[in-house]
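Novice: Dropping the sequence and predicted coords here.
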Amino acid sequence: MEKKKFMVELERIRAGWANTGLARPDFALEPQAGQESVWDYPRPPLLVPDPREVVVQAGGIEVARSVSALRLLETASPPTFYLPPADVHTERFSPASGTSFCEWKGAATYWDLQLESGGSPQAAWSYAEPFGEFAGLAGYFSFYPSRVECSVAGERVRAQAGGFYGGWITDEVVGPFKGDPGTGGW
C-alpha cells in the first residue's frame, strides 16, 4: 500500500474508537482510593516514565530488572510496561516468527526467550521503529505476563485475558479490560 493510502487508512482506524478516556462508560468499574480506571486512560495512548522496580523472571531466572520503565496507558487496557534494553538480558532472547501492527505504535517484533531449561515462545515484543509519537519506545522490551513472571514494586502481575494483549494487571487498576469475554467490539 502506498504511503498516502496507508496514512489515510491509519487515520480512519484511529478515528473509529468511541472510547477515548474523556468519559467513563456506565459499565466501567469505579476505582477506589489508590486505584485507576483504565477507562480514564487516553486514546491516543500516553507514555509515562515509571520509577518503580519492575522484575521479569522465567523458571526462577531473572531476565529483566529496571527502575527506568515506560508505562503505556491506553483506554480499556491495563498498563503495559516497557523496559530499556540495557535492563534486559537480551542474550536470552532471539527473534521470533510473526509480527503485529498497532495503529498507534507501528509494527511489533516478537522475541522468544531461550533458557537451558526450555524457554517461552514470543515471551516479549518490541518496536524497532515506532511511529513518531512513540519514538521513545524504540528498542524497549515488553513481556507477556501469561508467559513469564512479571512484578511491579513487588506485586505479581496478572495477565490480561485473551492471549493477544499484553497488559499488566495489578491491584491499582480496574476495568473491565479489553480482552475479557464479550469485549470484541471495543
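Specialist: Okay, I see it.
Novice: Show me the helices in this structure, by range?
Specialist: Taking DSSP state H, the helices of the chain run over residues 3-15.
Novice: Give me the distance between the residue nearest to the spatial centre of the chain and Arg147.
Specialist: When CA atoms, centre = their mean is applied to the chain, the residue found nearest the centroid is Thr80 (3.2 Å). As judged by CB to CB, to the nearest Å, Thr80 and Arg147 stand 14 Å apart. In short, each C-beta sits where N, CA and C put it, glycine included.
Novice: Likewise for Gly118?
Specialist: 12 Å.
Novice: got it, and Phe81?
Specialist: 14 Å.
Novice: what about these two, which has more around it?
Specialist: Phe81 (27 against 17; other CB atoms under 10 Å).
Novice: Tell me who's in contact with the more buried one.
Specialist: Asp50, Val54, Ala69, Leu70, Arg71, Leu72, Ser142, Phe143, Cys150, Val152, Trp168 (CB atoms under 8 Å, 6 or more residues apart in numbering).
Novice: Serialize those to a markdown table and add fields for pLDDT, neighbour count and distance to Ala159.
Specialist: Shown next, in a markdown table, are those (pLDDT from 0 to 100; neighbours: other CB atoms under 10 Å; distance: CB to CB, whole Å):
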| residue | pLDDT | neighbour count | distance to Ala159 |
| --- | --- | --- | --- |
| Asp50 | 98 | 18 | 19 |
| Val54 | 98 | 24 | 15 |
| Ala69 | 98 | 24 | 18 |
| Leu70 | 98 | 20 | 20 |
| Arg71 | 98 | 17 | 17 |
| Leu72 | 97 | 27 | 16 |
| Ser142 | 98 | 25 | 13 |
| Phe143 | 98 | 29 | 10 |
| Cys150 | 98 | 27 | 9 |
| Val152 | 98 | 20 | 13 |
| Trp168 | 97 | 25 | 8 |
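Novice: And for Val148, the neighbour number?
Specialist: Val148 has 20 nearby residues by other CB under 10 Å.
Novice: Can you pull out the low-pLDDT segments for this structure?
Specialist: 1, 3, 184-186 (pLDDT under 70).
Novice: Report how many residues lie close to the closest residue to Tyr144 other than its chain neighbours.
Specialist: Closest residue to Tyr144 apart from its sequence neighbours, by CB to CB, 6 or more residues apart in numbering: Gly166 at 4.9 Å. Using other CB under 10 Å, the number of residues around Gly166 comes to 25.
Novice: thinking Gly166 is in contact with Thr80, fair?
Specialist: Yes - with contact defined as CB atoms under 8 Å, Gly166 counts as touching Thr80 (5.7 Å).
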